[in-house]
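*Asks:* One predicted model, sequence on top.
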Amino acid sequence: ELAPRLAMDFGYFRRWYGNFTIVDNRAVGPTDFTTYSITAPVDARLQQSGQVIGGLYEVNANKVGAVDNYTTFADNFGEQIEHWNGFDLTINARPGNGIVLQGGLSTGRTSLDNCDLRDKLPEITLPPGGVAIAQQNCHSDTNFLTQYKFLGTYLLPKIDVQFAATLQSTPGPEIPANYTVTSGQTPSGSLPLSGGFRTINVNLVGKEYSEHINQLDFRVAKIFRFGRTRTSVNFDLANVLNSNMANGIFTFYGPRWQNPTGILDPRLFKLSGSFDF
């Protein structure tokens, strides 16, 4: 309690994960792979525009198709890290006269690291159909992804009509740039991956996210009281500002990169009721 009718709640959280499993292809070892580099396309939207991206792996020709997979714990080979650190902050105020105010934020970041593993098990950087992990991306820290929420309610006591509004701002979708590397871009001119895949995807950016998605909702409720019961008739208006911000984007680098694949639902209204006894 900061003052009469004014309170704050704060919490810090740390989560760390363990017991990761990996698939060790015992038919190959680190010496059975060749490292190579590619040059990222020139594009002002890319973090690594025109730069050399190194630390990609290609299995040597004499080991193509050699498979003896064994699933085991990652810590048998090295350290793998996934940590999350964050905090929540909420402030509640009840100044009286039917007014309630609340607001706050929730933020956190994720840290990932498998650099130790990738040096001993290069095959884990070649996920069939997945995204290859370049040397400079084996450790990553996201930005602090922050969500803001504010709400307020006001009750007109004489007529028992309640007004409420909610404003929330959430991080936008992640913006990877999955670039398809073809066989001609590898040292041998071929890309012998397990499963017969002839291409591999490389993310050309780090952990980036698009702008925050903001949404404002509004409610008006008429309250009827009969003895010990309470009936409420509600009118809700969602996405009052009719925002069309993207909540999904096309993630493969090319002409459609960052094109929206989904947007917020348009402004809509809803009638509802509740009966408490």
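*Replies:* Structure's in. What do you need?
*Asks:* Could you use CA atoms for every contact and neighbour count after this?
*Replies:* Will do.
*Asks:* separation between the residue lying closest to residue 257 once chain neighbours are set aside and residue 176?
*Replies:* Leaving out its chain neighbours, the residue that sits closest to residue 257 by CA to CA, 6 or more residues apart in numbering is residue 250, at 5.4 Å. Residue 250 is 9 Å from residue 176, where distance means CA to CA, to the nearest Å.
*Asks:* for residue 28, same thing?
*Replies:* Counting by CA to CA, the gap from residue 28 to residue 176 is 30 Å.
*Asks:* Same check on residue 14?
*Replies:* 26 Å.
*Asks:* which one of the two has more residues nearby?
*Replies:* Applying other CA atoms under 10 Å to residue 14 and residue 176 shows that residue 176 carries more neighbours, namely 22 against 11.
*Asks:* shouldn't the more buried one be in contact with residue 251?
*Replies:* Yes. Contact status for residue 176 versus residue 251: in contact at 5.6 Å, counting by CA atoms under 8 Å.
*Asks:* and stretch 214-221, average pLDDT?
*Replies:* Stretch 214-221 shows a mean pLDDT of 96.
*Asks:* neighbouring contacts of that stretch?
*Replies:* 161-170, 232-241, 243, 245 (CA atoms under 8 Å, 6 or more residues apart in numbering).
*Asks:* Narrow these to those that are buried.
*Replies:* 161-170, 232, 234-240, 243, 245 (16 or more other CA atoms under 10 Å).
*Asks:* Which members of the residues you listed occur in strands, if any?
*Replies:* 161-170, 232, 234-238 (DSSP state E).
*Asks:* which residues does the residue nearest to residue 218 when sequence neighbours are not counted bridge with?
*Replies:* Leaving aside its chain neighbours, residue 218 sits nearest to residue 165 (4.4 Å; criterion: CA to CA, 6+ apart). Taking DSSP bridges as the rule, residue 165 bridges to residue 152, residue 218.
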